[in-house]
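A.B. asks: Build me a structure from this.
(one chain, ligands or ions: 1)
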Amino acid sequence: MKASGIIHNPGRGTFRRLQVLRAWRVTPHMRRVVLTGPELAGFSFYRQGLGPYVKLLVPPLNLKDPGWPRIGESGAIECPVDQRPSVRTYTVRDFDEELQELTIDFVLHGDEGPASRWAAKAEPGDSIALLERGFSHPYGVDRYVFIGDHTALPAIAQSLENLPDDSRGEAVICLGDDEDKQHLRAPPGLSVTWLIGEKTIELPSLMRDLKLASAEPGEYLFLWVGAEARLARFLRSHAKDGLSLPKDQYSILNYWRRGFAEGSFERSG
Ligand SMILES: Cc1cc2nc3c(=O)[nH]c(=O)nc-3n(C[C@H](O)[C@H](O)[C@H](O)COP(=O)(O)OP(=O)(O)OC[C@H]3O[C@@H](n4cnc5c(N)ncnc54)[C@H](O)[C@@H]3O)c2cc1C
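C.D. replies: Residues are numbered from 1 along each chain as shown. Below is the predicted model:
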(Lines give C-alpha, C1' and ligand atoms only; values in the text may rest on other atoms or scores of the structure.)
Protein backbone atom coordinates (compact mmCIF):
# COMPACT_ATOMS: atom_id res chain seq x y z
CA MET A 1 0.00 0.00 0.00
CA LYS A 2 1.39 3.47 -0.84
CA ALA A 3 2.04 6.05 1.88
CA SER A 4 -0.46 8.89 2.21
CA GLY A 5 -1.11 11.75 4.62
CA ILE A 6 -0.83 15.51 4.95
CA ILE A 7 1.96 17.83 6.05
CA HIS A 8 0.97 21.24 7.43
CA ASN A 9 3.82 23.71 7.52
CA PRO A 10 2.90 26.95 9.23
CA GLY A 11 6.38 28.28 8.40
CA ARG A 12 8.42 30.88 10.20
CA GLY A 13 7.95 34.59 9.90
CA THR A 14 10.74 36.31 7.96
CA PHE A 15 10.06 39.98 7.62
CA ARG A 16 10.74 41.55 4.19
CA ARG A 17 10.04 45.00 2.79
CA LEU A 18 9.10 44.94 -0.88
CA GLN A 19 8.06 47.33 -3.62
CA VAL A 20 5.48 47.06 -6.37
CA LEU A 21 7.15 46.42 -9.73
CA ARG A 22 3.98 46.40 -11.84
CA ALA A 23 0.24 45.88 -11.38
CA TRP A 24 -2.70 45.30 -13.71
CA ARG A 25 -6.24 43.95 -13.85
CA VAL A 26 -6.29 40.30 -14.85
CA THR A 27 -10.13 40.33 -14.93
CA PRO A 28 -12.64 43.00 -13.81
CA HIS A 29 -12.42 42.07 -10.09
CA MET A 30 -8.88 40.71 -9.82
CA ARG A 31 -5.69 42.81 -9.77
CA ARG A 32 -2.29 41.18 -10.14
CA VAL A 33 0.54 42.84 -8.25
CA VAL A 34 4.16 41.86 -8.88
CA LEU A 35 6.49 42.64 -5.97
CA THR A 36 10.26 42.81 -5.83
CA GLY A 37 13.11 44.33 -3.81
CA PRO A 38 16.50 43.43 -2.34
CA GLU A 39 14.85 41.95 0.77
CA LEU A 40 13.22 39.25 -1.39
CA ALA A 41 16.67 37.56 -1.53
CA GLY A 42 16.44 34.14 0.06
CA PHE A 43 12.65 33.93 -0.25
CA SER A 44 11.42 30.51 -1.25
CA PHE A 45 8.09 28.77 -1.28
CA TYR A 46 7.04 25.19 -1.62
CA ARG A 47 5.60 25.05 -5.13
CA GLN A 48 4.02 21.61 -4.63
CA GLY A 49 2.11 22.71 -1.54
CA LEU A 50 -1.60 23.41 -1.99
CA GLY A 51 -2.36 27.13 -1.62
CA PRO A 52 0.99 28.40 -0.28
CA TYR A 53 0.39 31.70 1.45
CA VAL A 54 2.11 34.67 3.07
CA LYS A 55 1.02 37.30 5.55
CA LEU A 56 1.17 40.74 3.98
CA LEU A 57 1.67 43.87 6.04
CA VAL A 58 -0.48 46.30 4.07
CA PRO A 59 0.33 50.00 4.45
CA PRO A 60 -2.22 52.76 4.67
CA LEU A 61 -3.11 54.29 1.31
CA ASN A 62 -0.70 56.64 -0.45
CA LEU A 63 2.32 55.77 1.67
CA LYS A 64 5.33 56.02 -0.65
CA ASP A 65 8.23 55.41 1.81
CA PRO A 66 10.41 52.50 0.58
CA GLY A 67 11.85 52.13 4.11
CA TRP A 68 8.41 51.39 5.59
CA PRO A 69 7.84 49.82 8.05
CA ARG A 70 10.89 50.35 10.23
CA ILE A 71 12.18 47.80 12.71
CA GLY A 72 13.26 48.99 16.13
CA GLU A 73 16.23 47.67 18.11
CA SER A 74 13.99 45.16 19.84
CA GLY A 75 13.13 43.65 16.44
CA ALA A 76 9.54 44.88 16.65
CA ILE A 77 7.92 46.98 13.94
CA GLU A 78 7.93 50.63 14.91
CA CYS A 79 5.44 52.85 13.14
CA PRO A 80 3.60 56.05 13.90
CA VAL A 81 -0.07 55.27 14.54
CA ASP A 82 -1.14 56.57 11.13
CA GLN A 83 1.35 54.23 9.38
CA ARG A 84 0.41 50.98 11.15
CA PRO A 85 0.09 47.99 8.78
CA SER A 86 -2.97 45.78 8.40
CA VAL A 87 -2.01 42.09 8.39
CA ARG A 88 -3.73 40.13 5.61
CA THR A 89 -3.29 36.61 4.19
CA TYR A 90 -2.63 36.11 0.47
CA THR A 91 -1.61 33.25 -1.79
CA VAL A 92 1.75 33.17 -3.50
CA ARG A 93 0.35 33.02 -7.03
CA ASP A 94 3.89 32.72 -8.43
CA PHE A 95 7.49 33.38 -7.55
CA ASP A 96 10.21 33.80 -10.18
CA GLU A 97 13.45 33.13 -8.38
CA GLU A 98 15.66 34.25 -11.26
CA LEU A 99 13.91 37.60 -11.71
CA GLN A 100 13.13 37.90 -7.98
CA GLU A 101 9.46 38.63 -8.66
CA LEU A 102 6.66 37.59 -6.34
CA THR A 103 3.13 37.64 -7.76
CA ILE A 104 -0.05 38.10 -5.71
CA ASP A 105 -3.60 38.24 -7.12
CA PHE A 106 -5.98 40.45 -5.14
CA VAL A 107 -9.76 40.22 -5.39
CA LEU A 108 -11.11 43.76 -5.64
CA HIS A 109 -14.10 43.69 -3.32
CA GLY A 110 -14.37 47.41 -2.60
CA ASP A 111 -12.81 50.10 -0.46
CA GLU A 112 -13.80 48.72 2.93
CA GLY A 113 -10.83 46.34 3.25
CA PRO A 114 -7.30 47.80 3.50
CA ALA A 115 -5.81 45.09 1.24
CA SER A 116 -8.42 45.38 -1.51
CA ARG A 117 -8.24 49.17 -1.33
CA TRP A 118 -4.44 49.16 -1.50
CA ALA A 119 -4.31 46.66 -4.40
CA ALA A 120 -6.81 48.64 -6.47
CA LYS A 121 -4.46 51.64 -6.44
CA ALA A 122 -1.04 49.95 -6.18
CA GLU A 123 1.50 51.38 -8.58
CA PRO A 124 5.23 50.87 -9.21
CA GLY A 125 7.35 51.89 -6.24
CA ASP A 126 4.63 51.46 -3.60
CA SER A 127 5.75 49.72 -0.39
CA ILE A 128 4.37 46.60 1.23
CA ALA A 129 5.94 44.05 3.59
CA LEU A 130 5.54 40.35 4.07
CA LEU A 131 5.98 37.64 6.60
CA GLU A 132 6.46 34.17 5.20
CA ARG A 133 3.94 31.65 6.28
CA GLY A 134 3.15 28.22 5.01
CA PHE A 135 1.38 25.60 3.00
CA SER A 136 -0.22 22.18 3.35
CA HIS A 137 0.95 19.24 1.30
CA PRO A 138 -1.08 16.05 1.09
CA TYR A 139 0.91 13.17 -0.36
CA GLY A 140 -0.09 9.85 -1.90
CA VAL A 141 -3.38 11.37 -3.12
CA ASP A 142 -5.41 9.33 -5.64
CA ARG A 143 -7.94 12.08 -6.40
CA TYR A 144 -8.22 15.78 -5.55
CA VAL A 145 -11.39 17.82 -5.13
CA PHE A 146 -10.89 21.59 -4.96
CA ILE A 147 -13.77 23.91 -4.09
CA GLY A 148 -13.30 27.64 -3.81
CA ASP A 149 -14.66 31.10 -4.44
CA HIS A 150 -12.96 34.05 -6.12
CA THR A 151 -10.46 34.52 -3.25
CA ALA A 152 -9.37 30.89 -3.62
CA LEU A 153 -8.92 31.12 -7.38
CA PRO A 154 -5.21 32.11 -7.03
CA ALA A 155 -4.59 29.12 -4.74
CA ILE A 156 -6.48 26.67 -6.97
CA ALA A 157 -4.77 28.02 -10.12
CA GLN A 158 -1.34 27.78 -8.47
CA SER A 159 -2.04 24.26 -7.18
CA LEU A 160 -3.36 22.93 -10.50
CA GLU A 161 -0.34 24.34 -12.35
CA ASN A 162 2.04 22.53 -10.05
CA LEU A 163 0.40 19.15 -9.47
CA PRO A 164 2.11 16.16 -11.13
CA ASP A 165 0.86 15.52 -14.67
CA ASP A 166 -0.83 12.24 -13.74
CA SER A 167 -3.00 13.85 -11.01
CA ARG A 168 -6.74 13.23 -11.17
CA GLY A 169 -9.69 15.10 -9.79
CA GLU A 170 -12.03 18.05 -10.07
CA ALA A 171 -11.98 21.75 -9.24
CA VAL A 172 -15.24 23.63 -8.64
CA ILE A 173 -14.88 27.42 -8.61
CA CYS A 174 -17.77 29.69 -7.60
CA LEU A 175 -17.64 33.22 -9.02
CA GLY A 176 -20.02 36.15 -8.88
CA ASP A 177 -19.26 37.21 -12.43
CA ASP A 178 -18.61 35.25 -15.62
CA GLU A 179 -15.99 37.80 -16.69
CA ASP A 180 -13.77 36.85 -13.76
CA LYS A 181 -13.11 33.37 -15.16
CA GLN A 182 -9.47 32.71 -15.99
CA HIS A 183 -7.77 30.24 -18.22
CA LEU A 184 -6.31 27.58 -15.90
CA ARG A 185 -3.51 25.17 -16.71
CA ALA A 186 -4.32 21.81 -15.14
CA PRO A 187 -3.18 18.19 -15.53
CA PRO A 188 -5.30 16.43 -18.22
CA GLY A 189 -7.03 14.26 -15.59
CA LEU A 190 -8.23 17.26 -13.59
CA SER A 191 -11.43 18.94 -14.76
CA VAL A 192 -12.50 22.48 -13.89
CA THR A 193 -16.16 23.51 -13.38
CA TRP A 194 -17.17 27.16 -13.02
CA LEU A 195 -20.33 27.99 -11.05
CA ILE A 196 -21.32 31.55 -11.88
CA GLY A 197 -23.64 33.94 -10.06
CA GLU A 198 -24.81 34.48 -6.49
CA LYS A 199 -27.13 31.50 -6.69
CA THR A 200 -24.08 29.22 -6.74
CA ILE A 201 -23.76 29.85 -3.02
CA GLU A 202 -27.01 27.94 -2.69
CA LEU A 203 -26.26 24.66 -1.09
CA PRO A 204 -28.15 22.33 -3.50
CA SER A 205 -25.92 23.03 -6.48
CA LEU A 206 -22.84 22.50 -4.36
CA MET A 207 -24.28 19.33 -2.90
CA ARG A 208 -24.69 18.05 -6.42
CA ASP A 209 -21.03 18.80 -7.13
CA LEU A 210 -20.00 17.41 -3.79
CA LYS A 211 -21.11 13.95 -4.81
CA LEU A 212 -17.69 14.16 -6.49
CA ALA A 213 -16.13 14.09 -3.07
CA SER A 214 -17.39 10.63 -2.07
CA ALA A 215 -14.32 8.41 -1.92
CA GLU A 216 -14.30 4.97 -3.50
CA PRO A 217 -13.23 2.17 -1.10
CA GLY A 218 -9.42 2.30 -0.70
CA GLU A 219 -9.15 5.60 -2.56
CA TYR A 220 -7.17 8.45 -0.90
CA LEU A 221 -9.31 11.41 -1.82
CA PHE A 222 -8.24 14.90 -0.73
CA LEU A 223 -10.79 17.73 -0.40
CA TRP A 224 -9.37 21.27 -0.42
CA VAL A 225 -11.65 24.26 0.22
CA GLY A 226 -11.05 28.01 0.50
CA ALA A 227 -14.25 30.04 0.79
CA GLU A 228 -16.40 32.51 2.71
CA ALA A 229 -16.91 31.31 6.31
CA ARG A 230 -20.55 30.24 5.96
CA LEU A 231 -19.89 28.08 2.94
CA ALA A 232 -16.68 26.72 4.50
CA ARG A 233 -18.60 25.78 7.66
CA PHE A 234 -21.19 23.92 5.64
CA LEU A 235 -18.52 22.07 3.67
CA ARG A 236 -16.59 21.22 6.85
CA SER A 237 -19.58 19.58 8.44
CA HIS A 238 -20.41 17.86 5.15
CA ALA A 239 -16.84 16.48 4.94
CA LYS A 240 -17.00 15.18 8.51
CA ASP A 241 -20.57 13.99 8.82
CA GLY A 242 -21.81 13.57 5.25
CA LEU A 243 -18.72 12.11 3.62
CA SER A 244 -17.03 10.71 6.78
CA LEU A 245 -13.64 11.92 5.57
CA PRO A 246 -10.84 11.50 8.12
CA LYS A 247 -9.03 14.70 9.19
CA ASP A 248 -5.98 14.06 7.05
CA GLN A 249 -8.18 14.04 3.92
CA TYR A 250 -9.34 17.61 3.92
CA SER A 251 -8.22 21.19 4.39
CA ILE A 252 -11.15 23.60 4.64
CA LEU A 253 -10.35 27.22 5.48
CA ASN A 254 -12.45 30.32 6.04
CA TYR A 255 -10.74 32.57 3.50
CA TRP A 256 -12.87 35.51 4.58
CA ARG A 257 -16.01 36.20 6.58
CA ARG A 258 -18.78 38.47 5.43
CA GLY A 259 -19.01 41.52 7.70
CA PHE A 260 -15.73 40.79 9.53
CA ALA A 261 -12.20 42.05 8.86
CA GLU A 262 -9.34 39.55 8.84
CA GLY A 263 -8.09 38.91 12.36
CA SER A 264 -11.56 39.07 13.90
CA PHE A 265 -12.65 35.49 13.09
CA GLU A 266 -11.27 31.94 13.19
CA ARG A 267 -9.84 30.38 10.04
CA SER A 268 -10.98 26.84 10.60
CA GLY A 269 -13.79 27.07 13.14
C1 LIG B 1 -4.66 31.08 3.13
C2 LIG B 1 -5.43 32.24 2.49
C3 LIG B 1 -5.08 32.67 1.23
C4 LIG B 1 -5.78 33.73 0.63
N5 LIG B 1 -5.41 34.12 -0.63
C6 LIG B 1 -6.05 35.15 -1.22
C7 LIG B 1 -5.64 35.61 -2.51
O8 LIG B 1 -4.67 35.13 -3.10
N9 LIG B 1 -6.35 36.63 -3.07
C10 LIG B 1 -7.41 37.22 -2.42
O11 LIG B 1 -8.01 38.15 -2.97
N12 LIG B 1 -7.81 36.82 -1.20
C13 LIG B 1 -7.14 35.81 -0.58
N14 LIG B 1 -7.52 35.42 0.67
C15 LIG B 1 -8.66 36.09 1.30
C16 LIG B 1 -8.24 37.44 1.93
O17 LIG B 1 -7.27 37.22 2.93
C18 LIG B 1 -9.49 38.10 2.56
O19 LIG B 1 -10.45 38.39 1.56
C20 LIG B 1 -9.16 39.37 3.34
O21 LIG B 1 -10.20 39.59 4.24
C22 LIG B 1 -9.00 40.60 2.46
O23 LIG B 1 -8.57 41.68 3.28
P24 LIG B 1 -9.16 43.15 3.11
O25 LIG B 1 -8.25 44.05 3.88
O26 LIG B 1 -9.38 43.46 1.67
O27 LIG B 1 -10.58 43.08 3.80
P28 LIG B 1 -10.88 42.98 5.42
O29 LIG B 1 -10.41 44.22 6.11
O30 LIG B 1 -10.36 41.69 5.93
O31 LIG B 1 -12.45 42.97 5.42
C32 LIG B 1 -13.22 44.18 5.27
C33 LIG B 1 -14.63 43.82 4.82
O34 LIG B 1 -14.55 43.26 3.50
C35 LIG B 1 -15.20 42.01 3.47
N36 LIG B 1 -14.47 41.12 2.56
C37 LIG B 1 -13.24 40.57 2.71
N38 LIG B 1 -12.91 39.82 1.64
C39 LIG B 1 -13.97 39.90 0.79
C40 LIG B 1 -14.24 39.36 -0.49
N41 LIG B 1 -13.37 38.57 -1.12
N42 LIG B 1 -15.42 39.65 -1.07
C43 LIG B 1 -16.34 40.46 -0.47
N44 LIG B 1 -16.13 41.01 0.75
C45 LIG B 1 -14.96 40.74 1.37
C46 LIG B 1 -15.18 41.49 4.91
O47 LIG B 1 -16.26 40.63 5.15
C48 LIG B 1 -15.31 42.77 5.71
O49 LIG B 1 -16.65 43.14 5.84
C50 LIG B 1 -6.84 34.37 1.31
C51 LIG B 1 -7.18 33.93 2.60
C52 LIG B 1 -6.47 32.88 3.18
C53 LIG B 1 -6.84 32.42 4.56
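A.B. asks: what's the offset of stretch 150-166 from the middle of its chain?
C.D. replies: 10 Å (C-alpha atoms, centre = their mean, to the nearest Å).
A.B. asks: Same question for stretch 145-163.
C.D. replies: On the basis of C-alpha atoms, centre = their mean, stretch 145-163 sits 8 Å off its chain's mean C-alpha point.
A.B. asks: How about stretch 119-128?
C.D. replies: With C-alpha atoms, centre = their mean as the basis, stretch 119-128 stands 20 Å off its chain's centre.
A.B. asks: Just the pLDDT for the residue lying closest to residue 264 once chain neighbours are set aside.
C.D. replies: If the residues on either side of it in the chain are set aside, residue 264 comes closest to residue 257, at 7.9 Å by C-beta to C-beta, 6 or more residues apart in numbering. For every residue, glycine as well, the C-beta is placed using N, CA and C. Note on residue 257: pLDDT of 95.
A.B. asks: count of neighbours near residue 257?
C.D. replies: Using other C-beta atoms under 10 Å, residue 257 is surrounded by 17 other residues.
A.B. asks: Same question for residue 176.
C.D. replies: When neighbours are counted by other C-beta under 10 Å, residue 176 registers 16.
A.B. asks: Could you measure from it over to residue 28?
C.D. replies: As judged by C-beta to C-beta, to the nearest Å, residue 176 and residue 28 stand 10 Å apart.
A.B. asks: And residue 106, by the same measure?
C.D. replies: For residue 106, the distance to residue 28 equals 13 Å [C-beta to C-beta].
A.B. asks: what does residue 194 give?
C.D. replies: From residue 194 across to residue 28, the span is 15 Å (C-beta to C-beta).
A.B. asks: likewise residue 119?
C.D. replies: To residue 28, residue 119 is 14 Å away according to C-beta to C-beta.
A.B. asks: With residue 37 instead?
C.D. replies: To residue 28, residue 37 is 29 Å away according to C-beta to C-beta.
A.B. asks: what do you get for residue 144?
C.D. replies: Taking C-beta to C-beta as the measure, residue 144 falls 28 Å from residue 28.
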